[in-house]
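Visitor: Next one to model:
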Amino acid sequence: MLTIKVFLISFVVFVVSGTALAGATEMVAQATILDPAGKIIGLASLTEQPEGVTIVLRVSGLTPGMHGIHIHEKGVCTAPDFKSAGGHFNPFHKQHGINNPQGSHSGDLPNLEVNRDGIGATTIVARGLTLEKGLHSIIREG
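Guide: Take a look at the predicted model:
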């Protein structure tokens with residue numbers, strides 16, 4: 001089984017886990033997104049692209065407004081402080097902040113806007129990352 005590392009959305013933590021799809025013609029993975037109580041609140045579909053990993057994310061049940069999205073170092077997210085997820089995924093040793101002129105962590109992603117119905121959807125390209133094995137992979141065996 002493969003486990004996708006953790007996404008943290010705003011101040012609410014959602015553990016993301018999933019499996020690579022066998023027999024796929026391209027490298028893809030799907031992940032369910034859980035709230036801290038373990039309820040499924042969304043889905044992320046990840047596809048390997050030449051420039052990185054495309055993440056198609058859809059969540060529901062969130063408070064309206066902007067929510068930060070990050071890929072963290074570890075696929076573990078333990079309450080109450082969630083520090084088990086580690087820092088932002090940063091294999092290129094860059095600076096924090098998506099608009100940092102010196103380059104950002106690979107785990108720094110654009111914000112997700114959630115509408116007044118509590119639904120958020122976005123497509124993001126995590127540049128320089130991969131679903132294949134290696135240092136820049138956001139998938140690990142688990």
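Visitor: pLDDT weak spots in this protein?
Guide: 1-25, 75, 77-82, 105, 140-142 (pLDDT under 70).
Visitor: where exactly do the strands run in it?
Guide: 2-4, 7-9, 12-20, 28-34, 40-49, 52-59, 65-71, 108-114, 120-127, 139-141 (DSSP state E).
Visitor: what's the distance between residue 96 and residue 65?
Guide: Separation of residue 96 from residue 65 (CB to CB, to the nearest Å): 22 Å. Any C-beta I mention is one placed from the backbone N, CA and C, and that applies to glycine too.
Visitor: now swap in residue 118 and tell me
Guide: As for residue 118, its distance to residue 65 is 10 Å (criterion: CB to CB).
Visitor: Next: residue 121.
Guide: Counting by CB to CB - residue 121 and residue 65 are separated by 15 Å.
Visitor: what's the burial count for the nearest residue to residue 54 once chain neighbours are set aside?
Guide: Distances taken as CB to CB, 6 or more residues apart in numbering place residue 47 nearest to residue 54, at 4.7 Å, with adjacent residues excluded. Other residues within reach of residue 47, judged by other CB atoms under 10 Å, total 18.
Visitor: My understanding was that residue 47 contacts residue 124; is that so?
Guide: No. Between residue 47 and residue 124 there is no contact under CB atoms under 8 Å: 11.4 Å.
Visitor: Now the common contact residues for these two.
Guide: The contact sets of residue 47 and residue 124 overlap at residue 54 (CB atoms under 8 Å, 6 or more residues apart in numbering).
Visitor: Do I have it right that residue 41 meets residue 34?
Guide: Yes. Proximity of residue 41 to residue 34 meets the contact threshold set by CB under 8 Å, at 6.8 Å.
Visitor: so how far is residue 32 from the nearest residue to residue 102 once chain neighbours are set aside?
Guide: Leaving out its chain neighbours, the residue that sits closest to residue 102 by CB to CB, 6+ apart is residue 95, at 4.7 Å. According to CB to CB, residue 95 stands 31 Å off from residue 32.
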